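Participant: below is the structure, and that's it, no one-letter string:
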């Protein structure tokens, strides 16, 4: 995706050619929906959140200061919107305490199939407090580096790293409990 295309389309929009915003949407729709999906794990809601992000970007396009790439500005705007939206209306998740124990008694060391493991991780990530969930989503699921993710959340890099470390620790504890439950039941 070309930064020069973004700059040209922004300039056209600011000059009154609102149809130029379509190029921005075409280039960034899939990445913004994917980012939203990593926050809420609901495709329909992710599409709605991305649409709202584009609407807000269009309304605030004159606030882009060109001191960073347009994509950085757009993803920061979207990330802030997604975080606010999930604080306002949390994702519909089930507590880990309410999740039924897996019926399959395969061993813990690799016994869960990839899909089962991915679902367990997804549920555990969704149950994290927002500030930790946001750091994991941006860093691992959206593939941002520390500097870009910290900028998206308007945090110093050190704070982002601390949250990422703490998020990993909390997640490790939740997953250990979730994965050990069948083994403990088997031993009793």
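Facilitator: Everything's here; your move. Model, not experiment: these values are computed from the prediction. Numbers count the residues shown, from 1 in each chain.
Participant: which residue ranges form the strands in the protein?
Facilitator: In the chain, no strands are defined using DSSP state E.
Participant: for it, what are the low-confidence residue spans?
Facilitator: 1, 91-115, 178-188 (pLDDT under 70).
Participant: for residue 174, which non-adjacent residue is spatially closest?
Facilitator: Among residues not flanking residue 174 along the chain, residue 124 sits closest, at 4.5 Å (CB to CB, 6 or more residues apart in numbering). C-beta coordinates here come from the backbone N, C-alpha and C atoms, glycine included.
Participant: for residue 78, give its distance to residue 127.
Facilitator: Counting by CB to CB, to the nearest Å, the separation of residue 78 from residue 127 is 23 Å.
Participant: to clarify, my last question referred to residue 53.
Facilitator: For residue 53 relative to residue 127 (CB to CB), the value is 24 Å.
Participant: neighbour count winner among these two?
Facilitator: residue 53 (25 against 18; other CB atoms under 10 Å).
Participant: pretty sure the more buried one contacts residue 77?
Facilitator: Yes - assessed by CB atoms under 8 Å, residue 53 is found in contact with residue 77 at 6.3 Å.
Participant: count of neighbours near residue 58?
Facilitator: 13.
Participant: so residue 132 is in contact with residue 169, correct?
Facilitator: No - judged on CB under 8 Å, residue 132 makes no contact with residue 169 at a distance of 9.3 Å.
Participant: who's in contact with the residue lying closest to residue 8 once chain neighbours are set aside?
Facilitator: Excluding the flanking residues, the one nearest residue 8 by CB to CB, 6+ apart is residue 20, at 7.8 Å. Contacts here follow CB atoms under 8 Å, 6 or more residues apart in numbering; on that basis residue 20 touches 8, 9, 10, 12, 13.
Participant: filter those to the buried ones?
Facilitator: Neighbour-count burial (16 or more other CB atoms under 10 Å) applied to the contacts of residue 20 gives 9, 10, 12, 13.
Participant: how near is the second one to residue 71?
Facilitator: Read it as residue 10. In terms of CB to CB, residue 10 sits 11 Å off from residue 71.
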